[in-house]
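Undergrad: the following block contains a protein sequence and its predicted model.
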Amino acid sequence: MIDRRTLIGGAAAMSLTGPLRPAAPAFVSHRPKPADRRFVSPAVEREIAAVTKRIGDPELAWMFGNCYPNTLDTTVFMGTVDGKPDAFVITGDIDCMWLRDSSAQLHPYLPLARKDAALRTLFRGLIARQARSILIDPYANAFMHDPSARTNLGWAMHDKTDMKPGVGERKWEVDSLCYPMWIAHGYWEATGDAVPFDALWADAARASIRTFREQQRKDGPGPYRFQRASNIPSETMMLDGYGPPSRPVGMIHCGFRPADDACILPFLIPSNIFAVSALRKLAIVANAARHDAALAREAAALADEVDAALRQYGTMRDTDGQTMWAYEVDGLGNALFMDDANVPSLSGLAYLGCVPRDDALWRRTAERAWSNRNPYFFKGKAAEGIGSPHTWLRQIWPMAIVMHALNALNAAGASDDATVAQCLAWLKAGHGGTGFMHESFDQEDSTKFTRTWFAWANGLFGELILDVAARRPALLKG
């Protein structure tokens, strides 16, 4: 049976000589024709025009024009449910909606939502779709467009778990429930629009909190199990599908990382830190948009409990005696240090708003993640950066390069312009002639990459360019 890695890797390899290559010497837009675009936002179109004029490098400007609107152009399917907007947002080359990806894909458009009614409709539709999806199964990471349909993902059809109609894949990932809280708070903060935060949303929020509580595993392993027949060990969970053992210390037990790979130790630290931040954001929205003090108290109490456990059990000492965040722990004294390009990562915590950008513990950890201390940090002729066990060795993820640039751009004090400029150069060299970001590319040769159509990475690149244009515009003048 074909697995996800083989499918997306093969699709990328076949596309290298396809129509995505630009016509020389001009950089021809790779956006769909206007009539073929899935969703159109006047504000986004104005932003593209305004920012492109400020980019002196024609290749970088071309990449921005392709990438920034990619989610809207290609992945949004609008509809209505009970007379209200419904937005189903696929990842790109996989036609299911991940709670994580769909939130991250729309995030770059938040600053424009207040002044664009079309975008507000889109965000309302996404928040409602995510709530309905969570209520189908809060343990699932991906969902079908048709909530009555069985999964069409070949690698998930025979999983040993409680698969429900409407679920695309059922890998329990803590961040899958954090991202809807994060994007909901971002939307509320950007617009002050209380419309999406109805009883449906509140029911999904309570289901999310209940699931986090279950996976603290204070009274046993809880209801979730998952096993998959695969020759890739990280595609399944050990010990009869319950995952590796842990001691119940207050953190949330996680089955899979954001890359969809099984955890080695069950308390995934970046996801638990994200949960603390997301729950506190949920409390803000519950209070301000719904005046639901009970929901806010429930979210805040869990956040405080997980935060206290993280402070006690989530750190480790490096060989030089310095304290840093671990990547995974088990509450029994064992810890693993690495970083994965997928966000939440240790490197991406400031981007998500989980830690202040001048937090000494986080900066120390991020520096080690961008070094040979991290077994998934790679250097080659094409670039340097963080990869993932999901794409094997030597594969650098543009997403990690973007995070590194954002961390340098928003560093405490003066921006590290040299690092930002270097990251832009790596990203420009890393698109493999396609004009788009990819999941990963080979450290020696950027034309060897995975995923031609990965909307999240495209949006992150667009977000970086917007941030550079706002904060350090001289770096874009070429």
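TA: Alright, I've got the coordinates.

Undergrad: can you show me the strands along the stretch 151-300 of the chain?
TA: Using DSSP state E, counting those that start in this stretch, the strands found in the stretch 151-300 of the chain span residues 167-169, 267-268.

Undergrad: pick the most deeply packed of those.
TA: Per-stretch averages of neighbours, counted by mean count of other C-beta atoms under 10 Å, single out strand 267-268 among the strands of the stretch 151-300 of the chain, with a mean of 30. (C-beta placed from N, C-alpha, C; glycine too.)

Undergrad: in this structure residue 214 contacts residue 223, no?
TA: Yes. With contact defined as C-beta atoms under 8 Å, residue 214 counts as touching residue 223 (6.7 Å).

Undergrad: between the two, which has more neighbouring residues?
TA: Set residue 214 next to residue 223 and count neighbours by other C-beta atoms under 10 Å: residue 214 wins out with 19 against 10.

Undergrad: and the more buried one, how far from residue 138?
TA: Distance of residue 214 to residue 138, computed by C-beta to C-beta, to the nearest Å: 9 Å.

Undergrad: residue 212 versus residue 305, what's the distance?
TA: For residue 305 relative to residue 212 (C-beta to C-beta), the value is 10 Å.

Undergrad: A helix includes residue 316, no?
TA: No. According to DSSP: H, G, I helix; E, B strand; the rest coil, residue 316 belongs to no helix; its state is strand.

Undergrad: give me the low-pLDDT residue ranges for the chain?
TA: Within the chain, the ranges that satisfy pLDDT under 70 run 1-25, 412-414, 478.

Undergrad: residues contacting the nearest residue to residue 208 once chain neighbours are set aside?
TA: Leaving aside its sequence neighbours, residue 208 sits nearest to residue 177 (C-beta to C-beta, 6 or more residues apart in numbering; 4.3 Å). Neighbouring residues of residue 177 by C-beta atoms under 8 Å, 6 or more residues apart in numbering: 99, 134, 138, 208, 211-212, 275, 278.

Undergrad: just send the strands of the stretch 151-300 of the chain back as CSV, with distance to residue 259 too.
TA: As requested, the strands of the stretch 151-300 of the chain are exported to CSV (distance: least, C-beta to C-beta, whole Å):
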stretch, distance to residue 259
strand 167-169, 13
strand 267-268, 11
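
Undergrad: can you give me the helices for the stretch 1-150 of the chain?
TA: 4-14, 42-52, 58-67, 70-74, 99-106, 117-136 (DSSP state H, counting those that start in this stretch).

Undergrad: the last one versus helix 99-106: what angle between them?
TA: On the basis of axes from the mean of the first three to the mean of the last three C-alpha atoms, to 10 degrees, helix 117-136 is oriented at 170 degrees to helix 99-106.

Undergrad: now do helix 117-136 against helix 42-52, angle only.
TA: Going by the same axes, to 10 degrees, helix 117-136 makes 110 degrees with helix 42-52.

Undergrad: then the third one?
TA: Here the directions of helix 58-67 and helix 42-52 differ by 170 degrees (the same axes, to 10 degrees).

Undergrad: just the buried positions in helix 58-67, please.
TA: Residues 60-67 are the ones in helix 58-67 that count as buried (16 or more other C-beta atoms under 10 Å).

Undergrad: and these, which is closest to residue 249?
TA: Nearest to residue 249 among these, counting by C-beta to C-beta, is residue 67 at 41.3 Å.

Undergrad: is that closest one in contact with residue 463, as I believe?
TA: No. The pair residue 67 / residue 463 is not scored as a contact, 9.5 Å apart, by C-beta under 8 Å.

Undergrad: backbone torsions only: list them for residue 403.
TA: Per-residue torsions, residue 403: phi -60, psi -40 (degrees, to the nearest 10).

Undergrad: quick check, it in contact with residue 347.
TA: Yes. If you go by C-beta under 8 Å, residue 403 and residue 347 touch, sitting 5.0 Å apart.

Undergrad: let me see the ranges of the strands in the stretch 351-478 of the chain.
TA: Under the criterion DSSP E, counting those that start in this stretch, the stretch 351-478 of the chain contains strands at 377-379, 384-386, 395-396, 440-442, 449-450.

Undergrad: mind listing residues that contact stretch 326-335?
TA: So stretch 326-335 is contacted by 244-249, 251, 263-270, 313-316, 336-340, 346 (C-beta under 8 Å, 6+ apart).

Undergrad: filter those to the buried ones?
TA: Using 16+ other C-beta under 10 Å as the burial test, the contacts of stretch 326-335 include 244, 246, 249, 251, 263-270, 313-316, 336-340, 346 as buried.

Undergrad: so which of the residues you listed are in helices?
TA: 269-270, 313 (DSSP state H).

Undergrad: so which of those comes closest to residue 448?
TA: Closest approach between those and residue 448, by C-beta to C-beta: residue 270, at 28.0 Å.

Undergrad: what's the nearest residue to that closest one if we skip its chain neighbours?
TA: In space, and not counting its chain neighbours, residue 270 is closest to residue 344: 4.1 Å by C-beta to C-beta, 6+ apart.

Undergrad: count the residues that sit near that neighbour.
TA: Neighbour number of residue 344 under other C-beta under 10 Å is 30.

Undergrad: and if you look at residue 274?
TA: As a burial measure, residue 274 scores 27 neighbours (other C-beta under 10 Å).

Undergrad: from residue 101, how far off is residue 173?
TA: For residue 173, the distance to residue 101 (C-beta to C-beta) stands at 11 Å.

Undergrad: repeat for residue 55
TA: 26 Å.

Undergrad: who has more neighbours, those two?
TA: Comparing residue 55 with residue 101 by other C-beta under 10 Å, the one with more neighbours is residue 101, at 27 against 22.

Undergrad: wouldn't that one be in contact with residue 455 here?
TA: Yes. Using C-beta under 8 Å, residue 101 makes contact with residue 455 at a distance of 7.4 Å.

Undergrad: okay, and the common contacts of the two?
TA: Listed as contacting both residue 101 and residue 455 by C-beta under 8 Å, 6+ apart are residue 91.

Undergrad: possible to save the strands of the stretch 351-478 of the chain as CSV with distance to residue 190 and mean neighbour count?
TA: Listed next are the strands of the stretch 351-478 of the chain as CSV, based on distance: least, C-beta to C-beta, whole Å; neighbours: other C-beta atoms under 10 Å:
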stretch, distance to residue 190, mean neighbour count
strand 377-379, 34, 19
strand 384-386, 29, 25
strand 395-396, 32, 27
strand 440-442, 31, 27
strand 449-450, 32, 26
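
Undergrad: would TSV of those with distance to residue 432 be doable?
TA: Conversion of these to TSV gives the following (distance: least, C-beta to C-beta, whole Å):
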stretch	distance to residue 432
strand 377-379	16
strand 384-386	15
strand 395-396	12
strand 440-442	6
strand 449-450	5
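
Undergrad: figure out which of those strands is closest to residue 424.
TA: For those, proximity to residue 424 was assessed by C-beta to C-beta; strand 384-386 is nearest, at 12.9 Å.

Undergrad: list the helices and strands that closest one packs on?
TA: Packed against strand 384-386 by the contact rule (3 or more C-beta pairs under 8 Å, 6 or more residues apart in numbering; DSSP states H and E) you find strand 377-379, strand 395-396, helix 398-409.
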